[in-house]
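Visitor: Show me how the following folds:
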Amino acid sequence: MFIDDIYVTVKAGNGGNGLVHFYSDAFRPKGGPDGGDGGRGGSVYFKAINDITRLASFQRNKKLKAGDGTPGGLNNCSGAAGEDLIIEIPVGTVAHYDNGTEVEFTQLGQTFLATRGGKGGRGNHFFRSSTNQQPQESEEGFKTEPKRIRLELKLIAQVGLVGLPNAGKSSLLNELTSAHSKVASYPFTTLEPNLGVLPGGYIMADIPGIIEGASTGKGLGHKFLRHLERTSILVHCLAADSTNPKKDIEVINQELAAHSTVLAQKPQTLVITKSDLLTPDEIKKLTASLKADLAVSIIDDSSLKLLTSLLSQRLRPETSADPLPVRL
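Guide: Got it, this is the predicted structure:
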């Protein structure tokens, strides 16, 4: 199952306790204090990787903990530091802390300190002085508190496919990229976002079909609208056999605007899909009346090449950085 929103509890390691100890042997019966400091606790880090399915691994293990530091030893030896914990999350994830802090992971390999390990306590060797040659004091290691963090994935894709259910988005994704999305003749075939890579390395995302009221919780699309927020352009898919094409366009645009002003302002490329269902004259009139950019059919290679070329032209000025590689 695709997971794009989950809570995890992370805890850094506790610091080790300092030691109270006095050295003594046959040659030095009063060797003095030699209790070492406790080791620091391990810290917890987030690291962005190119696996969009990674959050699913936290479903069964939502409590993640770094190693504790060990107590100080004899001969002023410090305890061993606790092992750090590196939590791998998909690139595109936003970490939400309870205090309102948000951290976005937009680059592969980006690492962030989620919570720092506890400091080790000082042993009695530290407290020795000319006036206190037999210190009986030491410190306990710092005890860390767990942090509950919400991990929200927003896919990083340059192109987002939007449209009503059965608008041909999944079929289009499969033909334009190497994706293998499920395709059928009934609504809501797509139950989770799918990604594909266009020629040139640009990433295209297909989300479940949006219906009227999606932004208020109806259907499936509302859950995944967040994945369109980072796209450069939206490809608005409209089925050629729609009984009310203008109404269909309005529904999608209204839901995008209701979700966020960010989506409402995204550049759109209006594409009429399933053009093979109408005659060439009918397609020409429909394209003109709707001011669509293009009409395509998955059985017409020339139309698909035209769409790929159009998207490449529109993406170049929009995308300043190299396309981001992603594990699908």
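Visitor: what are the phi and psi values for the spatially closest residue to Ala292 that is not a sequence neighbour?
Guide: Nearest non-adjacent residue to Ala292, counting by C-beta to C-beta, 6 or more residues apart in numbering: Leu270, 4.5 Å away. Backbone N, C-alpha and C define where each C-beta goes, glycine included. Dihedral pair for Leu270: phi -80, psi 120, per degrees, to the nearest 10.
Visitor: Against Asp248, how distant is Leu270?
Guide: To Asp248, Leu270 is 11 Å away according to C-beta to C-beta, to the nearest Å.
Visitor: which one of those two has more residues nearby?
Guide: Using other C-beta atoms under 10 Å as the criterion, Leu270 and Asp248 rank with Asp248 on top: 20 against 17.
Visitor: would the more buried one count as being in a strand?
Guide: No - under DSSP: H, G, I helix; E, B strand; the rest coil, Asp248 sits outside any strand and is assigned helix.
Visitor: Isn't it up against Ala240?
Guide: No - with contact defined as C-beta atoms under 8 Å, Asp248 does not reach Ala240; the gap is 11.2 Å.
Visitor: need the longest helix for the chain.
Guide: Determined from DSSP state H, the single longest helix within the chain is helix 301-318.
Visitor: Can I get that helix in PDB, CA atoms only?
Guide: Extracted in PDB, the C-alpha atoms of helix 301-318 (Å, rounded to 0.1, in the frame of the first residue of the first chain):
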ATOM      1  CA  ASP A 301       1.900   7.800 -32.100                       C
ATOM      2  CA  SER A 302       2.200  11.100 -33.900                       C
ATOM      3  CA  SER A 303      -0.200  12.800 -31.400                       C
ATOM      4  CA  LEU A 304       1.800  11.400 -28.500                       C
ATOM      5  CA  LYS A 305       5.100  12.700 -30.000                       C
ATOM      6  CA  LEU A 306       3.500  16.100 -30.400                       C
ATOM      7  CA  LEU A 307       2.500  16.100 -26.700                       C
ATOM      8  CA  THR A 308       5.900  15.000 -25.600                       C
ATOM      9  CA  SER A 309       7.500  17.800 -27.600                       C
ATOM     10  CA  LEU A 310       5.100  20.400 -26.300                       C
ATOM     11  CA  LEU A 311       5.800  19.400 -22.700                       C
ATOM     12  CA  SER A 312       9.500  19.500 -23.200                       C
ATOM     13  CA  GLN A 313       9.300  23.000 -24.700                       C
ATOM     14  CA  ARG A 314       7.200  24.200 -21.700                       C
ATOM     15  CA  LEU A 315       9.300  22.600 -19.100                       C
ATOM     16  CA  ARG A 316      12.700  24.000 -20.200                       C
ATOM     17  CA  PRO A 317      12.000  27.500 -19.000                       C
ATOM     18  CA  GLU A 318      10.100  26.300 -15.900                       C
END
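Visitor: Now do it: which elements does it pack against?
Guide: In terms of contacts (3 or more C-beta pairs under 8 Å, 6 or more residues apart in numbering; DSSP states H and E), helix 301-318 is packed against helix 169-176, strand 233-239, strand 268-273, strand 294-295.
Visitor: Determine which of those approaches Asp68 most closely.
Guide: helix 169-176 (47.6 Å; C-beta to C-beta).
Visitor: can you give me the angle that closest one makes with strand 268-273?
Guide: On the basis of axes from the mean of the first three to the mean of the last three C-alpha atoms, to 10 degrees, helix 169-176 is oriented at 90 degrees to strand 268-273.
Visitor: what angle sits between helix 169-176 and strand 233-239?
Guide: Going by the same axes, to 10 degrees, helix 169-176 makes 120 degrees with strand 233-239.
Visitor: Next SSE downstream of helix 169-176?
Guide: Counting by DSSP states H and E, the next helix or strand C-terminal to helix 169-176 is strand 194-197.
Visitor: who are the neighbours of the very next helix or strand once past that following strand, in terms of helices and strands?
Guide: Downstream of strand 194-197, the first helix or strand assigned by DSSP H and E is strand 203-206. Counting by 3+ C-beta pairs under 8 Å, 6+ apart, the packing neighbours recorded for strand 203-206 are strand 159-162, helix 169-176, strand 194-197.
Visitor: Give me whichever of these is most buried.
Guide: When you average the neighbours per residue for each of these (mean count of other C-beta atoms under 10 Å), strand 159-162 leads with a mean of 27.
Visitor: Check the offset of it from the chain's centre.
Guide: 18 Å (C-alpha atoms, centre = their mean, to the nearest Å).
Visitor: Tabulate the helices and strands packed on strand 203-206 (a markdown table), appending mean pLDDT and distance to Ile283.
Guide: Shown next, in a markdown table, are the helices and strands packed on strand 203-206 (pLDDT from 0 to 100; distance: least, C-beta to C-beta, whole Å):
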| stretch | mean pLDDT | distance to Ile283 |
| --- | --- | --- |
| strand 159-162 | 92 | 20 |
| helix 169-176 | 89 | 16 |
| strand 194-197 | 83 | 25 |
